[in-house]
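In: Make a model of this:
(4 chains)
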There are 2 protein chains.
Amino acid sequence: MQEQLVGEDSVPLYMRVRDQLAIRIEEGSLTPNTRLPSERILADEQGTTRVTARLALAQLEAEGRIFRSNRRGWFVSPPRLIYKPTQDYSFSENVISQGRVPATETLDVTPTEINAWLATRTGLAVGDPIVWLRRRRQIDGRPVLVENIYLNPKRLPAIETYDFNRSLWKLLREQYDVELQGKHIEMYPTALVGPQASALGVTIGTAGLYVTRCSHDAEGGFVEFDEEFWLHDALSIQVEVY
Amino acid sequence: MQEQLVGEDSVPLYMRVRDQLAIRIEEGSLTPNTRLPSERILADEQGTTRVTARLALAQLEAEGRIFRSNRRGWFVSPPRLIYKPTQDYSFSENVISQGRVPATETLDVTPTEINAWLATRTGLAVGDPIVWLRRRRQIDGRPVLVENIYLNPKRLPAIETYDFNRSLWKLLREQYDVELQGKHIEMYPTALVGPQASALGVTIGTAGLYVTRCSHDAEGGFVEFDEEFWLHDALSIQVEVY
DNA sequence: TTGTCAAACTGGTATATACCAGTAAAGCAA
DNA sequence: TTGCTTTACTGGTATATACCAGTTTGACAA
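Out: Coordinates of the predicted model:
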C-alpha cells in the first residue's frame, strides 16, 4: 500500500505533452504542413527535456499526425490520400481529384535482367530482359512515395525511350494499346530504409507502407510489376468488393 | 575539408547494433518467438548504453522483425499472416491453413445505439439499435488483433445470445442464412492506443494497422461493420483483382 | 542588387544515470 | 506438493548533457 502518484501523474509526461500538441492540431491552431515549435522550445515550454519531447513527437508521428523533415523540423501531416489500388490507374488523376497537386520525378531508367526474386513474382525466367524504372511522387510538394517499376520489354518494345514523368497507364494504353486487367496486390507496414528513405528525404526507420502490384493485360500476359514505398501517414487504402 | 570519420563510423552506432541483431535473426540463431538478450546485456555486449540499444531495437521493431512484450522482453517476430480481406471470411480457417494456431476471445457484447460516426458508415440512422461485439484474436498464443464488430439486430435477431468465440461467418450463414456479398474495406497504418493497446498488451504507440470492413448481404442490406486493430508486423495483405 | 559566407538553429546520435512498474523465478513455509 | 512472499530482472519513463550534420537566415562584401 503506497501513497502513489495519482491524477495527472498516472499518465506519463510524454503522453501529456503529446496530448497538448494533439489538441492544438485538432483545434486548428496548428494546420497541415505547419512547422511545430522546435524540440528545445517544446521541452522548455513543458518544463522537461528534449528526450521526453522527442518521445511525444515520436508518438504523434506513429499516429500519422505529424511528420519530420530531416533537420528542418516537425510538421503537421496533411490528410491521407485515398488510394484505391484495385481501381486507380493514375496517381496524378487521383491526387488532382482530391484537390491536391501531384508531381512525378523519374529517378532512373535501367534495362536489366530478371533475378530470382522478380522471376517468382512476374512469371518470367531468370535472365529475361526487364526495364527497371525508379520514380518519386509528390503530393503538394511533399515526396510521399518512391516506386520501382519493372516493365516487360517483350510486351512493351522500346518502352525505355518514353517520358516517364507522365502517366504510365496512359502511355501503355495510347502507345501499346494495353488495358491492364488482372492485378495481384500485396502490402504490409514496414520501415523505410536505404535508398527509399534517402529518396524520400526521411530518417532511416521511418514508418512506411510497402505495396506491390503485379499487372497483366487482357490476355493474361505479364506487363508490369510495381513496388511502392509509401510514407505511412500519406495514404488510406480503400478496396471495394462485389 | 576535414579528416572525417569513415568506414564503420559513417554508420550510426545504433544501426550497427541493429545489423548485428538482424544478422542473428536471418542466420537463424535467433528464431521466431525467441527472446532477445535484455537491453542492459545488449548494451554491455556492444559497449554502449541502454538508450542506444533501445534505438536499435526500435528500428527492428519498426521493420516488423521483432516485437516487445510489456516488461517481459523483446522477441523475434514470427512470419506475417497472409490475409486476403476480399476473400477470407474466417480468421481461424485462414490461420490454420497457414499452419498456425488461432484463438478467439470475446471481450464484450453490448447492445447499444448507432452514433453519428457509425451512421455514416453503416447507412443506418442515429439511434438505431446495434450490437457491439469486442473480440481479441491470437496466432500461436500471441494476441495480434482486437476488433469491434457492429451487428445489425434487425437483420440478425437475437444475435447477442450466441457464442462469439467461434466463427462469426459460420454463425451468420448457419443461423441466419446470410451470405456476405458486398464489402467496403478501408485501411491505413497508425499507432495503437488506449483500449486497443492494453487489450493487446503492447506499449501505447506501438505501430498498428487499422482495417475497417463494411459487409452487406446479397440483397444489399447492411449486416455488419467490422473495425480491426492489427499489430503492424503480424500480417501481409493480399488482394486479387480481375 | 546580388552573391558569398558565417552564424544560429534544427533534428540526429550518444553517454551516463536514476527510479518506477510490472514479470518471473527463487526460496520458504505450510 | 502447494501456495505464498521475496527478490532479481525486465522494459518504461525521465533528467541532464554533449557534440555532430545538415538547413536556414542574416550580415556583409562585391
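
In: going forward, measure contacts and count neighbours with C-alpha atoms only.
Out: OK.

In: domains of chain A?
Out: A:7-76, A:81-237 (automatic domain parsing).

In: How about A:Thr104, nearest residue that isn't a chain neighbour?
Out: Once flanking residues are discounted, A:Thr104 sits nearest to A:Arg137: 4.5 Å by C-alpha to C-alpha, 6 or more residues apart in numbering or on different chains.

In: Now do the helices for chain A: every range, in order, please.
Out: Ranges of helices within chain A are A:13-27, A:39-45, A:50-63, A:91-97, A:116-122, A:168-176, A:194-200, based on DSSP state H.

In: Mind listing residues that contact the first one?
Out: If I follow you right, that is helix A:13-27. For helix A:13-27, contacts defined as C-alpha atoms under 8 Å, 6 or more residues apart in numbering or on different chains pick out A:30-31, A:46, A:52-53, A:55-57, A:59-60, A:76.

In: at 7 Å instead, please
Out: A:30-31, A:52-53, A:55-57, A:60 (C-alpha atoms under 7 Å, 6 or more residues apart in numbering or on different chains).

In: so does that helix get close to DNA strand D?
Out: Yes: applying C-alpha under 7 Å from any atom of the strand, one finds helix A:13-27 touching DNA strand D at A:13-15.

In: And the last one, by the same measure?
Out: No: contact between helix A:194-200 and DNA strand D is absent, the nearest approach being 10.6 Å (criterion: C-alpha under 7 Å from any atom of the strand).

In: for the helices of chain A, which one sits closest to B:Pro153?
Out: Nearest to B:Pro153 among the helices of chain A is helix A:50-63 (33.3 Å), distances taken as C-alpha to C-alpha.

In: contacting residues around A:Leu192?
Out: With contact set as C-alpha under 7 Å, 6+ apart, A:Leu192 has these partners: A:204-208.

In: same thing but 8 Å
Out: Applying C-alpha under 8 Å, 6+ apart, the residues near A:Leu192 are A:204-208, A:229, B:63.

In: near DNA strand D, from those?
Out: Of the contacts of A:Leu192, not one also sits near DNA strand D (C-alpha under 7 Å from any atom of the strand).

In: possible to save these as JSON lines with pLDDT?
Out: As requested, the contacts of A:Leu192 are exported to JSON lines (pLDDT from 0 to 100):
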{"residue": "A:Ile204", "pLDDT": "88"}
{"residue": "A:Gly205", "pLDDT": "89"}
{"residue": "A:Thr206", "pLDDT": "92"}
{"residue": "A:Ala207", "pLDDT": "94"}
{"residue": "A:Gly208", "pLDDT": "96"}
{"residue": "A:Phe229", "pLDDT": "97"}
{"residue": "B:Glu63", "pLDDT": "94"}
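
In: Format the residues you listed as TSV; extra columns: distance to A:Val223 and neighbour count.
Out: Shown next, in TSV, are those (distance: C-alpha to C-alpha, whole Å; neighbours: other C-alpha atoms under 10 Å in any protein chain shown):
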residue	distance to A:Val223	neighbour count
A:Ile204	32	16
A:Gly205	32	20
A:Thr206	31	20
A:Ala207	30	27
A:Gly208	26	26
A:Phe229	20	25
B:Glu63	30	21
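
In: what's the closest of these to A:Asp163?
Out: Distance to A:Asp163 across the contacts of A:Leu192 (C-alpha to C-alpha) is lowest for A:Phe229, with 21.6 Å.

In: Show me what that closest one is bridged to.
Out: In this entry, A:Phe229 is beta-bridged to A:Val146, A:Tyr210, by DSSP bridges.
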